[in-house]
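Asks: I'll drop the sequence and a predicted model, then ask my questions.
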Amino acid sequence: MAKSAVQALSTPQERTLEALRQMALLIGASGFVAVCAWKGSISLLPLTPVPLTLQNFAVLLVGLLLGSRRAFAAMMVYLVAGIAGAPVFSPGLGGVAQLFGVTGGFLLAYPVVAFVAGWIFERGNRSFARAAVAGIAAEALLFAAGVTWLYAFTHSLSKAAYFGLYWFIAAEVIKIMAAAGIASRWRRTR
């Protein structure tokens, strides 16, 4: 609900209830990403230190379904929960240490990735094609951030791409198509 619509609610109780609903939505979206990080994680060691997870799918879906601003806020809640020590990141070091590890570039990019996916999808008709384009743009940003971060560890662009990109391309295409399909279908049924 837009801020002006929240302000238009007539009583303080209605405004409080709407604010609580929005907070629950953000926490629920953050929890969805955490569940996808833990339950959908496959270690690709010794090939790459970056695990294959459903986390990226969840971030895209949150961006497409919640829109740019709420998705950004939900991913900030997710990062803050992880920094505070909640086990929301994929299995590994956990906590703030994981943000400074090899997957830190991916994790730190999540709020912007969700924002970009939501922003593109909000602009125009909410079709499968627009959702797919939003997902592709958001994933390109995600992998640019992740590979750049890995470059700082490896000092080699080819190694960074090997560890953080090549192993994931096919899975990411499937994740983008699935998120785009769910989001466009959800928008049509609402």
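Replies: Structure's in. What do you need?
Asks: Output the below-cut-off pLDDT ranges for the chain.
Replies: Along the chain, the model assigns pLDDT under 70 to residues 1-9, 92-94, 190.
Asks: can you tell me the helix or strand for the spatially most central residue of it?
Replies: Centroid-nearest residue in the chain, with C-alpha atoms, centre = their mean: Val59, separated by 2.1 Å. Assigned by DSSP states H and E, Val59 belongs to helix 55-66.
Asks: what's that helix in contact with?
Replies: 25, 29, 32-33, 35-37, 40-41, 71, 74-75, 90, 106, 110, 113-118, 121, 131, 134-135, 138-139, 142, 172, 175-176, 178-180, 182-183, 186 (C-beta atoms under 8 Å, 6 or more residues apart in numbering). C-beta here means a position set from N, CA and C on the backbone, and glycine is covered the same way.
Asks: Could you export that helix as CSV, CA atoms only?
Replies: The C-alpha coordinates for helix 55-66 follow below in CSV (Å, rounded to 0.1, in the frame of the first residue of the first chain):
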residue,chain,number,x,y,z
GLN,A,55,18.4,-17.7,-2.3
ASN,A,56,18.7,-15.8,-5.6
PHE,A,57,15.3,-17.1,-6.7
ALA,A,58,13.8,-15.9,-3.5
VAL,A,59,15.4,-12.5,-3.8
LEU,A,60,14.0,-12.1,-7.4
LEU,A,61,10.6,-13.3,-6.3
VAL,A,62,10.5,-10.9,-3.4
GLY,A,63,11.5,-8.1,-5.7
LEU,A,64,8.9,-8.9,-8.3
LEU,A,65,6.1,-9.5,-5.9
LEU,A,66,6.7,-6.7,-3.3
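Asks: Name only those of the contacts of helix 55-66 that count as buried.
Replies: Listed as buried from those are 25, 29, 32-33, 36-37, 40-41, 71, 74-75, 90, 106, 110, 113-118, 121, 131, 134-135, 138-139, 142, 172, 175-176, 179-180, 182-183; burial here means 16 or more other C-beta atoms under 10 Å.
Asks: Just the ones in helices from these, please.
Replies: Using DSSP state H, the subset of the buried ones among the contacts of helix 55-66 located in helices is 25, 29, 32-33, 36-37, 71, 74-75, 106, 110, 113-118, 121, 131, 134-135, 138-139, 142, 172, 175-176, 179-180, 182-183.
Asks: And for Gly146, the neighbour number?
Replies: Neighbours of Gly146 under the rule other C-beta atoms under 10 Å: 25.
Asks: Check the one 5 residues further on too.
Replies: Counted with other C-beta under 10 Å, the burial measure for Tyr151 works out to 18 neighbours.
Asks: Pull out the buried residues from stretch 88-102.
Replies: Across stretch 88-102, burial judged by 16+ other C-beta under 10 Å covers Val88, Phe89, Ser90, Gly92, Gly95, Gln98, Leu99, Gly101, Val102.
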